[in-house]
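In: For reference, the sequence and a predicted model appear below.
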Amino acid sequence: MAQTEFYFDPSSLDFDNPIADSEAIRKLNPQRHEMEHLTGVLAENVAELSCAGYKDVSHDEFWIRGHMPGMPLMPAVIQLEAVAQLASFFTQRNDLLGAEMVGYGGVDNARFRDVVVPGDRLLIMIKLSKARRNRMIVADFQGVVGNKLVVDGTIRGIPIPVDAVKAYLKKRGEANK
C-alpha cells in the first residue's frame, strides 16, 4: 500500500502557536459547549484552499460513558463534526460561501481506518475542491493521529438560511427552548 500524501506535513505544524484558538473559532463557528469539536486551527493556504486544525480528545467527552462502556471510541459522526467545523471555519474566515452560517450538507466516500480514543490528538486537514458562492463548498478531508491516517473522505457545506430557520422556530414556539 502506498503511503498517503497529506495535505500538510504534520511535522511542520506548530501546535503551540495555532493561528486560531477556541475563542477565535467561536467568532466564526456557532457551536458551543459539548458540540465544540475543534480545539485549534494550525495553518491555512488560501491559494490552495486548504486548512489544518485539530481536536484534542479529552477523557471527559460527553460520549465516553455510552460509546462504548469500557472501550471509549470516538464516534464517527463526531469525527465528521470536527471536520465540518474546520471546513466551516475556513469557509467563513475567507468568505468563500457568502453566508452567515455554513451547514453540514453531506459526506461522500468516508472511510474510518482506525480508532480515535481519549488522549488522542486528531489532526484534521481539508482541501476544497469546489467553492460556489451562495451554493456549496466541497472539501476533501483527512484525519490523522500520530502519523497514521484514521479517517478520510469528502464533505459538503451549504449556506444555512439563518433568518428563515429562526422564523420557523419562532412560529413553532421553539426559539428559546
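Out: In hand now; what should we look at? Numbers count the residues shown, from 1 in each chain.

In: Which residue, other than its chain neighbours, is closest to Leu128?
Out: Leu49 (3.8 Å; Cβ to Cβ, 6 or more residues apart in numbering). C-betas here are computed from N, CA, C, even on glycine.

In: how many neighbours does that neighbour have?
Out: 19 (other Cβ atoms under 10 Å).

In: now Ala167
Out: Counted with other Cβ under 10 Å, Ala167 comes out at 12.

In: contacting residues around it?
Out: Residues near Ala167 by Cβ atoms under 8 Å, 6 or more residues apart in numbering: none.

In: Enumerate the positions of the helix or strand containing it that are buried.
Out: According to DSSP states H and E, Ala167 maps onto helix 162-172. When burial is assessed from 16 or more other Cβ atoms under 10 Å, helix 162-172 yields no buried residues.

In: For that helix, output the C-alpha coordinates as PDB.
Out: Coordinates of each C-alpha in helix 162-172 appear next as PDB, following Å, rounded to 0.1, in the frame of the first residue of the first chain:
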ATOM      1  CA  VAL A 162     -30.500  31.800   9.300                       C
ATOM      2  CA  ASP A 163     -33.400  34.200   9.200                       C
ATOM      3  CA  ALA A 164     -35.800  31.500   7.700                       C
ATOM      4  CA  VAL A 165     -34.700  29.000  10.400                       C
ATOM      5  CA  LYS A 166     -35.300  31.500  13.200                       C
ATOM      6  CA  ALA A 167     -38.700  32.400  11.800                       C
ATOM      7  CA  TYR A 168     -39.700  28.800  11.500                       C
ATOM      8  CA  LEU A 169     -38.500  28.100  15.100                       C
ATOM      9  CA  LYS A 170     -40.400  31.200  16.400                       C
ATOM     10  CA  LYS A 171     -43.500  30.100  14.600                       C
ATOM     11  CA  ARG A 172     -43.300  26.700  16.300                       C
END
